[in-house]
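A.B. asks: Give the three-dimensional model of this entry:
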Amino acid sequence: MTTMEDTDFRQREQETARYLAQISPLDNNSVCELADKALNDNDPLMRSICFDIIGMLGEQASPALPALVHTLRDGETALRIAAARALRNIAPIAQLCRPALIQALSDTSQKVRIYASEALERLSPQMG
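C.D. replies: Numbers count the residues shown, from 1 in each chain. Okay, here's the model as predicted:
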């Protein structure tokens, strides 16, 4: 049985793939534009998709770290979840985000807390 969540995920996955195809390959300016779209687009789904894309970029995502931290602290719940998930996925380059991730451990959203915890776990080996 297909749930609404499965359908939303598939739609989101397709939108993400389409958007990636339009902007690939990414340079720093493109990552900054993507971060700007994640912060300012009128469509919350598109904003969330942009954060998902950022989370797929690995080291290329570093220009987007300020946008992720901003959203993790001040965004709507769904966007805080997307930002935390992206930070979890790019944790090796997210050392500067550690304070925001620690703060997110007390977020009202359980999903934000989980993703923040997972990101911090991935950062821990980087400490030593």
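A.B. asks: For the helix or strand that contains Ile114, buried residues please.
C.D. replies: Ile114 is located in helix 110-127, with elements delineated by DSSP states H and E. For helix 110-127, burial by neighbour count (16 or more other CB atoms under 10 Å) applies to Val112, Arg113, Ile114, Tyr115, Ala116, Ser117, Glu118, Ala119, Leu120, Arg122, Leu123. For the C-beta atoms, the positions are set from N, CA and C on the backbone; glycine is no exception.
A.B. asks: and Gln95, how many neighbours?
C.D. replies: Other residues lying near Gln95 total 11 when counted by other CB atoms under 10 Å.
A.B. asks: Wait, it touches Leu120, no?
C.D. replies: No: because the distance of 10.8 Å does not satisfy CB atoms under 8 Å, Gln95 is recorded as not touching Leu120.
A.B. asks: can you pull the contacts of the residue lying closest to Ser48 once chain neighbours are set aside?
C.D. replies: If the residues on either side of it in the chain are set aside, Ser48 comes closest to Ala82, at 4.3 Å by CB to CB, 6 or more residues apart in numbering. With CB atoms under 8 Å, 6 or more residues apart in numbering as the criterion, the residues that contact Ala82 are Arg47, Ser48, Phe51, Asp52, Gly55, Thr71.
A.B. asks: can you check Arg80 too?
C.D. replies: Residues in contact with Arg80, defined by CB under 8 Å, 6+ apart, are Thr71, Leu72, Ala104, Asp107, Ser109, Val112.
A.B. asks: Let's see that with 6 Å instead.
C.D. replies: Counting by CB atoms under 6 Å, 6 or more residues apart in numbering, Arg80 makes contact with Leu72, Val112.
A.B. asks: Okay, buried residues for the helix or strand harbouring it please.
C.D. replies: Here Arg80, judged by DSSP H and E, is contained in helix 77-89. Using 16+ other CB under 10 Å as the burial criterion, the residues of helix 77-89 that qualify are Ala78, Leu79, Arg80, Ile81, Ala82, Ala83, Ala84, Arg85, Ala86, Leu87, Arg88, Asn89.
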